[in-house]
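**Q** Quick one, structure for this:
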Amino acid sequence: MERLEIWHSSTAVIGPNMQLVACPLAISLSSGVYMLAWSRKKEDVVGLKAPKKEKRVKKENRTQPPVEAPYVAPKLKIATKSPDKTVEIFDGMTLLDLSKRTGAYISTLQGILADLGEKVESEFDSINIDLAELVAMELGVNTRRMHTGEGTNEPRPAVVTVMGHVDHGKTSLLDALRQTSVAAKEAGGITQHIGAFVVEMPSGASITFLDTPGHAAFSAMRARGAAVTDIVVLVVAADDGVMPQTLEAMSHAKAANVPVVVAINKCDKSGADPERVRIQLGSEGLLLEDMGGDVQVVEISAVAKSGLDKLEEALLLQAEMMDLKARIDGPAQAFVVEARLDRGRGPLATAIVKSGTLVSGQHIVVGAEWGRIRSLRDTAGKITESAKPAMPVEIEGLRGLPMAGDDVVVVDSEERARMLSQGRKKKQEKDRLRKIDEGMADELEIKEEAPERVEMPIIVKGDVQGSVQAVTDALRSLNSAQVFVNVVHVGVGPISQHDIDLAQACGAYIVGFNIRTPPIAITQAAARANIKVLLHKVIYHLLEEMGRAIVDKAPGTAETQVSGEAEVLNIFELKGRSKSKGPDIKIAGCRITDGHFSKSGTMRLLRSGDVVFEGPCSSLKRERQDAETIEKGNDCGLVIQDCDDFQVGDVIQCLEQVIRKPKFISTQSGSVRIEC
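**A** Purely as a prediction, here's the structure:
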């Protein structure tokens, strides 16, 4: 390598020996070539390429000053969690806690609070649980309230839910405990909605009982009963054994993590076999005390009122082991067990207090409805000023009818109650529209593969909210591949003119469950509009009638089946026909051996079991007379269009298109379904 020399100067001259003398910057010729090669090699290295020279564009001289645009601050994005996820909120949480749980920026939360009329400057400032829920709903996030256990905890009565199969004696057991007769008042001897009441035991202790229906359609109501209960009494008939609703009640209790006490009822009957019931329950995974488990078993008879004292001891022992306590002070936390609409008193909600004290005159929010407690009534119908834990009360004063299972929230003011109610309704509407969009997208994906499906709109009216929801769920379970049961409207109360107008607009059936007969004017209006009104008090009959209506409305599926079969005995030929009558033809002389032949059917020619030809029938005669249908055992002459390859001994089948309707299937357990 040659030496590279650099001098600092201002000029370059040639010396006497013809050598280049660089005064400012002298580089030998060979060194210059080396530098050029090195620079090209450097360009080949990835990431070290020199930028390409762009053409210089001469800028135009601006004659006008630039336009002054107002400054627009960048909009903050709300980074929220998925709407399917639920965040926990509690009273006194800071803005920073809410930001971490919802995934939104602090400034975004402060902006929402400012719109609500609340000013929170620091991220460490605390907000109450109502504001936290309002902010979360504005962000589109589901919430779950976490109530603190602060305050005086005192022992409370146990909330016991009676579950089991239909007609196993649940209501009769409660009748024996409270010395009343509820079963006689129920339609068909079946409990149609939840009843909550307090039973005073001979020992002085009190137990709150929930009676849940045993029919398969009321699965959702039993699930709500298990959600608010402490102990489940599983009633099993000694002469019937474990049935489908018995297993369903066991699954509800297991899902709610609630202890079970088994009451084997009807032990006084001649066919009673308690040991068989024990073996069945053990085989289903219920660990009984007799088999080394911890589930107590008591043999009782509700009719003979025997064994009730042992059942009481078992329940009190289980409650003592659980050490049930609840907060007495502070605002109440309660859950709605049932809701109904009274003509004189308005919307009424039966609730069980879980903690705190519910006081008359408080502003409450129940689900998406709000109101001020006008009065509280106990299970005997007497007005009370307050309700403590495990006490069922009937709340009067709500602005609307809540859903069974909603929580009762006590708020500070009417304004806060109205805001919370509006926020929840808005959130419910958004969720409903989102589910509709998802359902429409799913239907579009399977629309090409799905068969023809008709819609059956239904309007459901009932006596209480729980029954309406249970009937709605049962009707929707009758959906099939051919009929879509669309419940367009549900309501509590009698059938009104508004229901008739709505049914006429969409061609809907009106189903009334356990309500009074509508007035003559409403009945005549429905008859003029050709609207079918179905009134029932027992859900068995309701589902059977609706099942038959669904089967009648179903379009059915077209199927090809063999309607008849014949044997070719002789062959006749018609030759020398004129052009006006057509070409020569062959007639198969047949005898129908099975079924019947129809001229409108398709004929299939079989030879040695193989299909030779298939086509429409152009002529069918019996004794030289044209016939539309010929039954088994008769002779006939048959011509198949474009077919002249008949042989004696061939078999001809007649194929017809039939419409197969779905089948309505009802089981002994009360469950129904539609099979296509």
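
**Q** who touches the nearest residue to Arg476 once chain neighbours are set aside in this structure?
**A** Leaving aside its chain neighbours, Arg476 sits nearest to Val485 (5.6 Å; criterion: C-beta to C-beta, 6 or more residues apart in numbering). Every residue, glycine included, has its C-beta placed from N, CA and C. Taking C-beta atoms under 8 Å, 6 or more residues apart in numbering, we find Val485 in contact with Met456, Ile458, Leu475, Arg476, Leu478, Asn479, Ile550.

**Q** how about a cut-off of 7 Å?
**A** Contacts for Val485 (C-beta atoms under 7 Å, 6 or more residues apart in numbering) come out as Met456, Ile458, Leu475, Arg476, Leu478, Asn479.

**Q** and those residues as JSON lines, adding neighbour count?
**A** Listed next are the contacts of Val485 as JSON lines, based on neighbours: other C-beta atoms under 10 Å:
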{"residue": "Met456", "neighbour count": "20"}
{"residue": "Ile458", "neighbour count": "25"}
{"residue": "Leu475", "neighbour count": "23"}
{"residue": "Arg476", "neighbour count": "13"}
{"residue": "Leu478", "neighbour count": "21"}
{"residue": "Asn479", "neighbour count": "16"}
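
**Q** Just give me the closest of those residues to Arg399.
**A** Ile458 (27.2 Å; C-beta to C-beta).

**Q** wait, isn't that closest one in contact with Val487?
**A** Yes - Ile458 is within contact range of Val487, at 5.3 Å (criterion: C-beta atoms under 7 Å).

**Q** Give the residues shared as contacts by those two.
**A** Leu475.

**Q** follow-up on the earlier one: out of the contacts of Val485, which are inside strands?
**A** When DSSP state E defines the strands, the subset of those inside them is Met456, Ile458.

**Q** does the residue nearest to Arg476 count as helix, strand or coil?
**A** strand (DSSP: H, G, I helix; E, B strand; the rest coil).

**Q** Could you check how far it is from Met546?
**A** 8 Å (C-beta to C-beta, to the nearest Å).

**Q** now swap in Gly601 and tell me
**A** 36 Å.

**Q** likewise Glu133?
**A** For Glu133, the distance to Met546 - C-beta to C-beta - is 39 Å.

**Q** Any regions of the protein where pLDDT drops low?
**A** 1-85, 147-151, 179-195, 212-227, 439-452, 576-583, 666-673, 675-676 (pLDDT under 70).

**Q** Distance from the longest helix along it to the middle of the chain?
**A** Using DSSP state H to define each element, the chain has its longest helix at helix 414-446. The chain centre lies 14 Å from the centre of helix 414-446; the measure is C-alpha atoms, centre = their mean, to the nearest Å.

**Q** which of the residues in it are buried?
**A** Arg416, Ala417, Met419, Leu420, Ser421, Gly423, Arg424, Lys425, Lys427 (16 or more other C-beta atoms under 10 Å).

**Q** quick revisit: need the overlap of contacts for Val485 and Met546.
**A** With C-beta under 7 Å, 6+ apart, Val485 and Met546 have common neighbours Leu475, Leu478.

**Q** OK, contacts around Glu656?
**A** Gln561, Ser563, Ser598, Gly601 are the contacts of Glu656 under C-beta under 7 Å, 6+ apart.

**Q** Just give me the closest of the buried residues of helix 414-446 to Thr384.
**A** Out of the buried residues of helix 414-446, the member with the shortest distance to Thr384 (by C-beta to C-beta) is Ala417, at 21.9 Å.

**Q** Next, the contact list for Arg340, please.
**A** Contacts of Arg340 by C-beta under 7 Å, 6+ apart are Leu348, Asp463, Val464, Gln465, Val492.

**Q** Revised request: answer the last question for Val365.
**A** With contact set as C-beta under 7 Å, 6+ apart, Val365 has these partners: Val409, Val411, Ala417, Leu420, Ser421.

**Q** Next, the residues that contact the helix or strand in which Ala521 is found from outside, please.
**A** Applying DSSP states H and E as the criterion places Ala521 in helix 520-528. The contact list for helix 520-528 (C-beta under 7 Å, 6+ apart) reads Ile495, Gln497, Ile500, Val533.

**Q** What of stretch 300-310?
**A** 169, 172-173, 176-177, 263-268, 298-299, 311.

**Q** Help me confirm that Val639 is found in a strand?
**A** Yes - the assignment for Val639 (three-state DSSP) places it in a strand.

**Q** related to what we said a few turns ago, narrow the contacts of helix 520-528 to just the buried residues.
**A** Ile495, Ile500, Val533.

**Q** Around the closest residue in space to Glu394 that isn't next to it in sequence, how many other residues sit close by?
**A** Among residues not flanking Glu394 along the chain, Arg377 sits closest, at 4.4 Å (C-beta to C-beta, 6+ apart). Neighbourhood size, Arg377 [other C-beta atoms under 10 Å]: 18.

**Q** Over to Arg377: give its phi and psi.
**A** phi -120, psi 140 (degrees, to the nearest 10).

**Q** Next: Glu299.
**A** The phi/psi pair for Glu299 (degrees, to the nearest 10) is phi -90, psi 120.

**Q** likewise Ser306?
**A** According to degrees, to the nearest 10, Ser306 has phi -110, psi 140.

**Q** Show me what it is bridged to.
**A** Ser301 (DSSP bridges).

**Q** same question, Ile510
**A** Ile459, Val533.

**Q** returning to that earlier point: dump the buried ones among the contacts of helix 520-528 to a markdown table, plus distance to Gln653.
**A** A markdown table is the format used below for the buried ones among the contacts of helix 520-528 (distance: C-beta to C-beta, whole Å):
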| residue | distance to Gln653 |
| --- | --- |
| Ile495 | 54 |
| Ile500 | 53 |
| Val533 | 48 |
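
**Q** Specify which member of those is nearest to Asn514.
**A** Of the buried ones among the contacts of helix 520-528, the one sitting nearest to Asn514 (C-beta to C-beta) turns out to be Ile495, at 12.5 Å.

**Q** Could you count how many residues lie near His596?
**A** 17.

**Q** I'd assumed Asn634 was in contact with it.
**A** No - taking contacts as C-beta under 7 Å, His596 lies outside contact range of Asn634: 9.1 Å.

**Q** Need phi/psi at Met546.
**A** phi -70, psi -30.

**Q** any idea how far it is from Val464?
**A** Taking C-beta to C-beta, one finds Met546 at 20 Å from Val464.

**Q** Please enumerate the helices of the protein.
**A** With DSSP H as the criterion, the chain has helices spanning 29-44, 95-102, 106-115, 129-139, 170-178, 219-227, 244-255, 274-283, 308-322, 414-446, 465-476, 497-506, 520-528, 539-553.

**Q** a markdown table for these, including distance to Pro155?
**A** Output for the helices of the chain, formatted as a markdown table (distance: least, C-beta to C-beta, whole Å):
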| stretch | distance to Pro155 |
| --- | --- |
| helix 29-44 | 86 |
| helix 95-102 | 33 |
| helix 106-115 | 40 |
| helix 129-139 | 27 |
| helix 170-178 | 21 |
| helix 219-227 | 22 |
| helix 244-255 | 23 |
| helix 274-283 | 31 |
| helix 308-322 | 9 |
| helix 414-446 | 32 |
| helix 465-476 | 30 |
| helix 497-506 | 48 |
| helix 520-528 | 52 |
| helix 539-553 | 39 |
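
**Q** burial count for Thr379?
**A** 18.

**Q** Spit out the contact partners of it.
**A** Ala196, Phe197, Val198, Pro392.

**Q** residues contacting Ala404?
**A** With C-beta under 7 Å, 6+ apart, Ala404 has these contacts: Arg224, Val336, Val337, Glu338, Ala339, Gln465, Gly466, Gln469.

**Q** Compile those into CSV and extend it with columns for distance to Val511.
**A** Below are those laid out as CSV (distance: C-beta to C-beta, whole Å):
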residue, distance to Val511
Arg224, 22
Val336, 23
Val337, 24
Glu338, 20
Ala339, 19
Gln465, 15
Gly466, 16
Gln469, 13
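
**Q** If anything else comes up later, I'll come back, but that's it for now.
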